[in-house]
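Chemist: coords below, sequence missing:
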């Protein structure tokens, strides 16, 4: 169950609601987000919801059976839209492209990609400053210095930044330079990190775990929402299977299912989904046709020289061609 409280309700008025619920043997948690105020009953059985709906300052009551409640589509009249400061909206009618290198390497690389994004009307740049790598000997990013460099280049061009966060202790120092915090597949069930991101007011994109189910992805999003942050984006990036002909099994089925189950916007990651550069454009278009609100794509000025994920990164000419195709199709 979700109880929406009127926005103007004061702390004492909310306390009166929770006290009335206790008299009905209902323990509850109060939650305030950027957009609204909620009370989440923690009991498994409830009285007639009309009794709750009649309480002063209760705006609406929604009965839900899903384990994930706040991110469920069953109580939202309209799908959620995540709006960025540069005017980009994720979840609206247009398809949003996000592009950039797997790892930030140097100023020239970042500037080259940023210029191409402007040329292709792409308003969000991805780039890893803190990189989780399977091998401890692989390049693990430029850290905060790289992120600051990216911000200095992108901000004058009105390009928003999405980058991966690895640890809750990094939130404060990354905050001024990030528009969207990305939770990678390896951290999709790092619940301490999700809790901490729930206390921020910036959008969070959560990637599906390497072997994660759709419900586990939605539960991860529930952690962030229940912490007070409802600016959340879901990302399908492929899952691990027995197939070895490509990097991951891109679960295109997940896109319409996520759109059916949740009110949150959904982004596709075809680069990690297939891991083969020449097939990334086809998988991108298939994901958008399946209903994804956009795609996050790895792009590099010289993929063959990239320090990470060059095999799945488009060069800048290929990125430009793909952006043109998508603008014509969708």
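Modeler: Thanks, I have the structure now. Everything numeric here is computed off the predicted structure, so don't read it as measured data.
Chemist: spell out the secondary structure type for the residue nearest the centre of the chain.
Modeler: The centroid of the chain falls nearest to residue 205 when counting by C-alpha atoms, centre = their mean (1.6 Å). Using DSSP: H, G, I helix; E, B strand; the rest coil, the structure places residue 205 in strand.
Chemist: same question for residue 233.
Modeler: Of the three states, residue 233 takes strand under three-state DSSP.
Chemist: so the residue nearest to the centre of the chain sits right up against residue 162, yeah?
Modeler: Yes - using C-beta atoms under 8 Å, residue 205 makes contact with residue 162 at a distance of 6.4 Å. C-beta coordinates here come from the backbone N, C-alpha and C atoms, glycine included.
Chemist: what is in contact with those two at once?
Modeler: 180-182, 296 (C-beta atoms under 8 Å, 6 or more residues apart in numbering).
Chemist: now do the least confident helix or strand in the chain by mean pLDDT: distance to the chain's middle.
Modeler: Lowest by mean pLDDT, DSSP states H and E among the helices and strands of the chain is helix 49-53, with a mean of 89. Relative to its chain's centre, helix 49-53 lies at 34 Å (C-alpha atoms, centre = their mean, to the nearest Å).
Chemist: over to stretch 199-210?
Modeler: Distance of stretch 199-210 from its chain centroid, counting by C-alpha atoms, centre = their mean, is 4 Å.
Chemist: show the pLDDT at the residue nearest to the centre of the chain.
Modeler: For residue 205, the pLDDT comes out at 98.
Chemist: got the buried residues for the least confident helix or strand of the chain?
Modeler: By 16 or more other C-beta atoms under 10 Å, the buried positions in helix 49-53 come out as residue 52.
Chemist: and that helix, what does it pack onto?
Modeler: strand 58-62 (3 or more C-beta pairs under 8 Å, 6 or more residues apart in numbering; DSSP states H and E).
Chemist: helices and strands around the strand it packs on, which ones?
Modeler: Using 3+ C-beta pairs under 8 Å, 6+ apart, strand 58-62 sits against strand 2-5, helix 49-53.
Chemist: so what secondary structure elements neighbour the next helix or strand after that strand?
Modeler: Using DSSP states H and E, the helix or strand that follows strand 58-62 in sequence is strand 82-83. Packing partners of strand 82-83 (3+ C-beta pairs under 8 Å, 6+ apart): strand 89-90.
Chemist: ok, and what's touching the helix or strand just after the strand it packs on?
Modeler: Following strand 89-90 in sequence order, the next helix or strand is strand 96-100 (DSSP H and E). Strand 96-100 has contacts (C-beta under 8 Å, 6+ apart) with 88-90, 113, 117, 120, 122-127, 162, 267, 293-299, 314, 319, 322-323, 326.
Chemist: for stretch 76-84, same thing?
Modeler: 73, 89-92, 123-124, 160, 179-180, 203, 230-233, 259, 263-265.
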